[in-house]
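J.: quick check, what structure comes out for this input:
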Amino acid sequence: MESMTACCELLEKLRCRAREQRDIVAALGKALEEGAEHLYRRDLAQRLDSLKADVLREVEDIRRTEMALASDFTQGKLIDGALSFVMVSLAATLSGRHKQPLAVGARAASEALDRAAPFGEVRVAVGPGGVPDDVKVITLSQMARERDKPESEIVAALEAQGYRLMTPEIFSSLLERMKRRLLTRVIALPATRAALLPEQASDDSEGPVSR
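T.: Take a look at the predicted model:
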């Protein structure tokens with residue numbers, strides 16, 4: 001009997017140790033999982049930082065180029081206006097059909113000077129794939145010049161293709177907000193176009209999302 005009792009006590013001790021070790025392993029597993037999740041989200045946050053830097057750098061380069069092009073366009077208009085004034089005034093004088101040839105030349109110069117073209121409008125476009133995978137910088141002014149269409153039509157066409165357009169400044173602020181929400185497990189990446197809608201801007205508007 002004593003031997004049987006000793007065996008039972010030993011068996012119970014072994015069961016207790018097994019439960020303790022199981023609890024330790026479970027706690028360790030949970031800690032490792034939480035640590036991995038934290039590192040994963042930190043990596044994603046760094047990816048958003050890199051995206052922000054790349055976008056702002058590209059925007060700055062485009063804006064410098066657009067400023068140079070706008071300056072060239074303005075200078076070209078001045079030259080065209082002066083040439084139009086001289087050539088048309090001279091032609092009107094030689095033809096003898098106009099009492100005020102200089103006025104005719106002035107109208108031609110005014111038409112040349114009134115030529116307009118858009119410059120400097122840059123937008124960040126977020127496509128259906130969301131942030132950070134489907135993001136590109138769009139030079140609205142260049143597209144409008146090349147297609148000879150208003151910038152508003154270019155915007156409408158891009159939105160019809162599923163893109164959401166915003167200024168670089170708004171996009172930069174959006175990435176900062178997304179990073180905070182990412183680190184607090186409010187959102188996961190990629191963040192789709194729907195997740196970027198203004199009505200979801202509040203950090204408290206969604207519950208936690210697992211990765």
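
J.: what's the closest non-adjacent residue to the residue most central in space within the chain?
T.: Nearest residue to the geometric centre of the chain (C-alpha atoms, centre = their mean): residue 124, 3.8 Å. Once flanking residues are discounted, residue 124 sits nearest to residue 171: 4.0 Å by C-beta to C-beta, 6 or more residues apart in numbering. In this view, the C-beta of every residue, glycine as well, is placed from N, C-alpha and C.

J.: that's a strand at that neighbour, yeah?
T.: No: Residue 171 is assigned helix when assessed by DSSP: H, G, I helix; E, B strand; the rest coil, not a strand.

J.: this protein: strands as residue ranges?
T.: Along the chain, the stretches classed as strands by DSSP state E are 122-126, 135-139, 164-166.

J.: in JSON lines: those strands, plus mean pLDDT and distance to residue 62.
T.: Below are the strands of the chain laid out as JSON lines (pLDDT from 0 to 100; distance: least, C-beta to C-beta, whole Å):
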{"stretch": "strand 122-126", "mean pLDDT": "95", "distance to residue 62": "5"}
{"stretch": "strand 135-139", "mean pLDDT": "95", "distance to residue 62": "5"}
{"stretch": "strand 164-166", "mean pLDDT": "93", "distance to residue 62": "15"}
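
J.: most tightly packed of those?
T.: Most buried of the strands of the chain, by mean neighbour count (mean count of other C-beta atoms under 10 Å): strand 122-126, with a mean of 22.

J.: which regions of the chain sit below the pLDDT cut-off?
T.: Where the chain drops to pLDDT under 70, the residues are 1-3, 6, 9-12, 14, 18, 23, 25-38, 193-211.

J.: in it, which spans are helices?
T.: Per DSSP state H, the chain has helices spanning 2-95, 101-113, 140-147, 151-160, 168-183. These are given in chain order.

J.: can you redo these as a markdown table with mean neighbour count and distance to residue 130?
T.: Shown next, in a markdown table, are these (neighbours: other C-beta atoms under 10 Å; distance: least, C-beta to C-beta, whole Å):
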| stretch | mean neighbour count | distance to residue 130 |
| --- | --- | --- |
| helix 2-95 | 13 | 12 |
| helix 101-113 | 17 | 45 |
| helix 140-147 | 17 | 21 |
| helix 151-160 | 14 | 15 |
| helix 168-183 | 18 | 10 |
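
J.: nearest to residue 119, of those helices?
T.: For those, the distance to residue 119 is smallest for helix 2-95, at 3.8 Å, taking C-beta to C-beta.

J.: and the angle for that closest one with helix 168-183?
T.: Put simply, helix 2-95 runs at 180 degrees to helix 168-183, going by axes from the mean of the first three to the mean of the last three C-alpha atoms, to 10 degrees.

J.: could you list every helix and strand in contact with helix 2-95?
T.: When contacts are defined as 3 or more C-beta pairs under 8 Å, 6 or more residues apart in numbering; DSSP states H and E, helix 2-95 packs onto helix 101-113, strand 122-126, strand 135-139, helix 168-183.

J.: among these, which comes closest to residue 24?
T.: helix 168-183 (28.8 Å).

J.: quick revisit: for the helices and strands packed on helix 2-95, give me CSV that also has distance to residue 68.
T.: Compiled in CSV, the helices and strands packed on helix 2-95 are given as follows (distance: least, C-beta to C-beta, whole Å):
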stretch, distance to residue 68
helix 101-113, 20
strand 122-126, 14
strand 135-139, 13
helix 168-183, 19
